[in-house]
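>>> Kindly generate the corresponding structure for this input.
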Amino acid sequence: MLPLLEKILLVKKPTAGLPGSLLDEYGGLAREAGFLVEPIEKGLLLSGKTVKLAICVEFGSRWDFFNTLTLLRQKGADIKIVVTSSNSRSMPMETTYTVLKKKLHETVRWVLLDIEGKKRPMFLNFSAQDLGYPPFSGGDFRGATPTPSQDAQQARSQPEKKPASPGSAGESPSGDLRAARIRGGAQRESRGAQAPARRVRRNEAGQELRKTKNYGLQPVDAPARRKKIYGKPRRKRK
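Numbers count the residues shown, from 1 in each chain. This is a model prediction of the structure:
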């Protein structure tokens, strides 16, 4: 990665004087690196021997964000940086990234930076050589966390472990199956022994009672009773 870009990404939010104090700090870093600093609207144009950077600080409304993006698109810079704040709800970084990639179809390298430090920098059109590791949306250059594609490559590179065959331990498959059945039967017997006894309710005559839907507790041997229907029966139509 470009050393100046690394230093810009490491700058913390000033306590006062935004955005002027922040631009002054960016300009000082660029001059130390041998870049020519030119002021532009809401930002700076940093011209080096082989690369040119354009950086803007935007904390305004959604309309201001679109004006800033239009301004940066007109600048012939190799890397364009938008510094914003995650506390501003007008234009989130994710929305800006989507607009640049899918609406404007930008091919130039862009960096979206949250000065609050709550969100990771977002890189657009950066290659692996630019960042030092495979780029991904929302990635942080300070901690090269593996991407899902890297995890898949590592899994493919490792030899696949084959499951041990049933007879590899010196036992036949039929012997393993027999032992499993014996263990299962023993477990069922132990569960049956531990099950609590069913509570039986009896009346004064010693008859076992059961709970019915309409008549409450009734003797088990008692004949089923039909629910009495009140009112006059319906006449059948002739």
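>>> The chain: helices as residue ranges?
Applying DSSP state H to the chain gives helices spanning 3-9, 20-32, 62-74, 93-98, 128-131, 148-157, 173-194.
>>> Could you identify which of those helices has the lowest mean pLDDT?
Least confidently modelled of the helices of the chain is helix 148-157, at a mean of 50 by mean pLDDT.
>>> Who is Ser47 paired with across the strands?
In this structure, Ser47 bridges to Leu36, Lys52 when assessed by DSSP bridges.
>>> And it, how far from Glu38?
As for Ser47, its distance to Glu38 is 7 Å (criterion: C-beta to C-beta, to the nearest Å). C-beta coordinates here come from the backbone N, C-alpha and C atoms, glycine included.
>>> do the same with Ile182
85 Å.
>>> Same check on Leu53?
Leu53 sits 11 Å away from Glu38, taking C-beta to C-beta as the criterion.
>>> These two: which is more packed in?
Leu53 (25 against 12; other C-beta atoms under 10 Å).
>>> Need the per-residue pLDDT for that one.
At Leu53, the pLDDT value in this model is 93.
>>> what's the closest non-adjacent residue to it?
Leu46 (4.2 Å; C-beta to C-beta, 6 or more residues apart in numbering).
>>> Next, count neighbours for that neighbour.
Per other C-beta under 10 Å, the neighbour tally for Leu46 reads 26.
>>> Verify the stated contact: it with Ala30.
Yes: look at Leu46 against Ala30 with C-beta atoms under 8 Å: they come within range, at 4.4 Å.
>>> who touches both of those two?
Leu4, Val37, Leu53 (C-beta atoms under 8 Å, 6 or more residues apart in numbering).
>>> Correct me if wrong: the second one contacts Gly27.
Yes: proximity of Val37 to Gly27 meets the contact threshold set by C-beta under 8 Å, at 4.7 Å.
>>> Can you give me the buried ones in stretch 111-121?
For stretch 111-121, a neighbour-count test (16 or more other C-beta atoms under 10 Å) marks Val111, Leu112, Leu113, Asp114, Ile115, Lys119, Arg120, Pro121 as buried.
>>> Next one, pLDDT for the residue lying closest to the last one once chain neighbours are set aside please.
Distances taken as C-beta to C-beta, 6+ apart place Leu113 nearest to Pro121, at 5.2 Å, with adjacent residues excluded. Here the pLDDT value assigned to Leu113 is 91.
>>> Contact partners for Leu113?
Ile8, Leu9, Ile81, Val82, Val83, Thr84, Pro121.
>>> Quick check: closest non-adjacent residue to Leu23.
In space, and not counting its chain neighbours, Leu23 is closest to Leu44: 5.9 Å by C-beta to C-beta, 6+ apart.
>>> one step back: show me what contacts the residue nearest to Leu53?
If you count contacts by C-beta under 8 Å, 6+ apart, then Leu46 has Leu4, Tyr26, Ala30, Phe35, Leu36, Val37, Glu38, Lys52, Leu53, Ala54, Ile55 around it.
>>> By neighbours, which of these wins?
With neighbours set by other C-beta under 10 Å, the maximum within the contacts of Leu46 is found at Ile55, which has 27 neighbours.
>>> Settle this for me: it is touching Leu71, isn't it.
No: counting by C-beta under 8 Å, Ile55 does not reach Leu71; the two are 11.4 Å apart.
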